[in-house]
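Trainee: Quick one, structure for this:
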Amino acid sequence: MRPLSATGEPATRRLVVAITGSSAPQLGLSLLGALRSTRDVETHLIISEQARQNLALEANTTAADVESHADLVYSPHDLAAAVASGSFQTIGMAIVPCSMKTLGTIAAGIGGDLIARCADVCLKERRRLVLVTRETPLSLIHIRNMETLTLAGATILPPVPAFYHQPKTVDELLCQISGKILDQFGIAHDLFQRWAGVPESPTDTTRSGPA
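Mentor: The predicted structure follows:
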């Protein structure tokens, strides 16, 4: 069933979310959790085969449990799914986390599975594509693949934690990253405290304000 907005109307925005097989599937879980409280966004979820293993190994959960947090779910092998077509309207796609294998496949234009095909659709239709790439250190191949996709219109968003909001838990770090992802799609949230600058002391005579 499609989620309802605050006015009781069907959700009008669709977002494709993919979880691939790199470490840190918690990044995808955090994003799905944040999207559940967003009443006007319909989530379309794809979980890769390797991600299914990582969910059990790293997050102590199952793909079925994760899928219950999405509105619609697709097999990564279903290239006939609605989201595989450019005529199916979405606001874009977030791959969270995005493995280097998936990154390379998309950069090469190989739509061998539904995740890569959906990413290719976003690029050709000029829709927002956000890749939460998780690997370190990066090889030159990784960097060049990121460059290729950036030039093609994608956004590379490594899950780099911030500490200005003084997080106390891992969940707070994950929420900040999820918020950064939602910002890319213009989805309102209150997942973290935004930077508001450092208040100037009234006795500070060394600072004269912006030039």
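
Trainee: okay, CA-based contacts and neighbour counts for the rest of this
Mentor: Noted.

Trainee: who does residue 46 bridge with?
Mentor: Note on residue 46: beta-bridge partners by DSSP bridges are residue 18, residue 74.

Trainee: residues in contact with it?
Mentor: Taking CA atoms under 8 Å, 6 or more residues apart in numbering, we find residue 46 in contact with 16-19, 73-76, 114-115.

Trainee: got CSV for those residues, with pLDDT, distance to residue 127 and neighbour count too?
Mentor: As requested, the contacts of residue 46 are exported to CSV (pLDDT from 0 to 100; distance: CA to CA, whole Å; neighbours: other CA atoms under 10 Å):
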residue, pLDDT, distance to residue 127, neighbour count
16, 98, 11, 24
17, 98, 14, 25
18, 98, 15, 27
19, 98, 19, 28
73, 98, 20, 19
74, 98, 20, 19
75, 98, 22, 15
76, 98, 20, 20
114, 98, 16, 23
115, 98, 15, 32
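
Trainee: Between those, which sits nearest residue 134?
Mentor: Nearest to residue 134 among the contacts of residue 46 is residue 19, at 11.6 Å by CA to CA.

Trainee: give the contact list for that closest one.
Mentor: So residue 19 contacts 25, 28, 45-48, 51, 95-98 (CA under 8 Å, 6+ apart).

Trainee: Any quick ChimeraX command for the buried ones out of those residues?
Mentor: Here is the ChimeraX selection string for the buried members of those, based on 16 or more other CA atoms under 10 Å:
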select :25,28,45,46,47,48,51,95,96,97,98
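
Trainee: Could you single out the nearest of the contacts of residue 46 to residue 59?
Mentor: residue 19 (12.8 Å).

Trainee: The closest one and residue 198, how far apart?
Mentor: For residue 19, the distance to residue 198 (CA to CA, to the nearest Å) stands at 37 Å.

Trainee: coming back round to it: restricted to strands, list the contacts of residue 19.
Mentor: Within those, residues falling in strands by DSSP state E are 45-47, 95-98.

Trainee: can you list these in CSV and add pLDDT?
Mentor: Output for these, formatted as CSV (pLDDT from 0 to 100):
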residue, pLDDT
45, 98
46, 98
47, 98
95, 98
96, 98
97, 98
98, 98
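
Trainee: Let me see the contact set for the residue most central in space within the chain.
Mentor: For the chain, the residue nearest the mean C-alpha position is residue 94 (3.6 Å; CA atoms, centre = their mean). When contacts are counted by CA under 8 Å, 6+ apart, residue 94 touches 15-18, 129-132, 181.

Trainee: Closest to residue 147 out of those?
Mentor: The closest of these, once distances to residue 147 are taken by CA to CA, is residue 131, at 12.2 Å.
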